[in-house]
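[1] need a structure here:
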Amino acid sequence: MPARPSRSSNAARSSNAARSSNAARSSNAARPSVRTTRLRALAATAVPIAALLLAGCAGNSTASPDGARASTDTGSSGYPLTIDNCGTEVTFESAPERVVTVKSSTLELMLALGLEDRVVGSAFSDGPVPEELAEAASGVDVLSDKVPSQEATLATEPDLVFAGWESNLSAEGAGDRDTLAKLGVASYVAPAACKGAGYMPNPLTFDEVFREFEEAGAIFGVPDAATELVAQQRTELDAIEPNTDGLTALWYSSGDDTPYVGAGIGAPQMIMQAAGLENVAADVEDTWTAMGWEAIVAANPDVIVLVDAAWNTARQKVELLEANAATAALPAVQQQRYLVVDFPATEAGVRNVGAVASLVDQLEALG
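    Just a heads-up that it's a prediction; the model follows:
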């Protein structure tokens, strides 16, 4: 059965705080003429400039290991707001109003906060949004099924690119961070995806995921909506009774010759632990890792979590496990002790609590 999507965004989307300035945003055409002229004049030079600049985050970090990072030096309105994001300092003079999202996690957080009117384009989605967010997402323009080009990104005249991965912000992608900044476009990476020392959550926890929701609420000027979203998700998480059978589990994300599995400090570990499962790759200090078939056979997991993605479905993974002589002998394979999680729920975001609940329900169904 597919992983149950998080149910926690409906109340947050209805928040008055999240829509307090919709009237001012309802027309995309109402942009400052100086900014529009500047973007159009510089867009054509974005690629040459980007080729001369370093892509991605700054190499040195002064952040504490437990993460981000917002300055307390703000006015009564909360702005200017300065955030150390993956080693890049970003200052928001006001709430971003024209946002390009890259990856499902960023789009779905915007929708859960009731900010669909600010999304001028989305890209690189990992699948359909949850049913409860479908109506809000219906008016969002899709720029690309992959990472959008700089040209496609700048054509929307954004004031922020909200990326799910650091690699989304490159000269070959939506634009590297320095180039975007020179064009007057801020960039922000979902903090759980930061990879630099002192920035990558180690381990990722639900407290950190919820903190990131609140940081987004501060950036977009909707703290009440973020507080409501966090409160509802905490309530749902607290209501889940984890499995107590002491089961071990393999989180099988992708890969044929060499499987790519959930390791010990990322979202897969966080979700499995909350569901009461012991990750057979928990000793690997990374978010995901390669794990050979021999090691998987030796670990002999009680259950196998299959990530269901359009490009590598759970059914395809089952067929591979059953066709491989070594894994076909595993009791979990012979007894079809499979659990399924949708790919968009496997990265830090609004679906994580729902993924925990789904795993627990599926474990109960297995008996």
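[2] just for the chain, where's the confidence low?
    1-76 (pLDDT under 70).
[3] quick one, domains of it?
    Per the record, the chain has its domains at 9-236, 248-366, by automatic domain parsing.
[4] would TSV of those domains with mean neighbour count be doable?
    (Glycine included, C-beta is placed from N, CA and C.) Compiled in TSV, those are given as follows (neighbours: other C-beta atoms under 10 Å):
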stretch	mean neighbour count
domain 9-236	19
domain 248-366	20
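[5] quick one, which of these is nearest to residue 242?
    Closest to residue 242 of the domains of the chain is domain 248-366 (C-beta to C-beta; 3.3 Å).
[6] will you turn the domains of the chain into JSON lines that also has distance to residue 242?
    Converted to JSON lines, the domains of the chain look like this (distance: least, C-beta to C-beta, whole Å):
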{"stretch": "domain 9-236", "distance to residue 242": "13"}
{"stretch": "domain 248-366", "distance to residue 242": "3"}
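[7] let me know the secondary structure of the residue nearest in space to the middle of the chain.
    The centroid of the chain falls nearest to residue 105 when counting by C-alpha atoms, centre = their mean (3.3 Å). When classified by DSSP: H, G, I helix; E, B strand; the rest coil, residue 105 comes out as helix.
[8] what sits closest to it if chain neighbours are left out?
    In space, residue 105 comes closest to residue 349 once its chain neighbours are excluded; the distance is 3.7 Å by C-beta to C-beta, 6 or more residues apart in numbering.
[9] could you do residue 272 as well?
    Distance criterion C-beta to C-beta, 6+ apart; nearest residue to residue 272, sequence neighbours excluded, is residue 279 at 5.1 Å.
[10] check contacts around the one you found.
    248-251, 262-264, 268-269, 272-273 (C-beta atoms under 8 Å, 6 or more residues apart in numbering).
[11] distance of it from residue 177?
    33 Å (C-beta to C-beta, to the nearest Å).
[12] now do the same contact list for the residue nearest to residue 105.
    Contacts of residue 349 (C-beta under 8 Å, 6+ apart): 104-105, 108-109, 190, 209.
[13] let's verify residue 245: helix, strand, or coil?
    Bear in mind the rule, three-state DSSP; under it residue 245 is coil.
[14] okay, helices next: where are they in the stretch 251-367 of the chain?
    267-275, 293-299, 314-323, 325-328, 331-334, 352-366 (DSSP state H, counting those that start in this stretch).
[15] now the stretch 51-200 of the chain
    Under DSSP H, counting those that start in this stretch, the stretch 51-200 of the chain gives helices at 104-112, 134-137, 150-155, 177-182.
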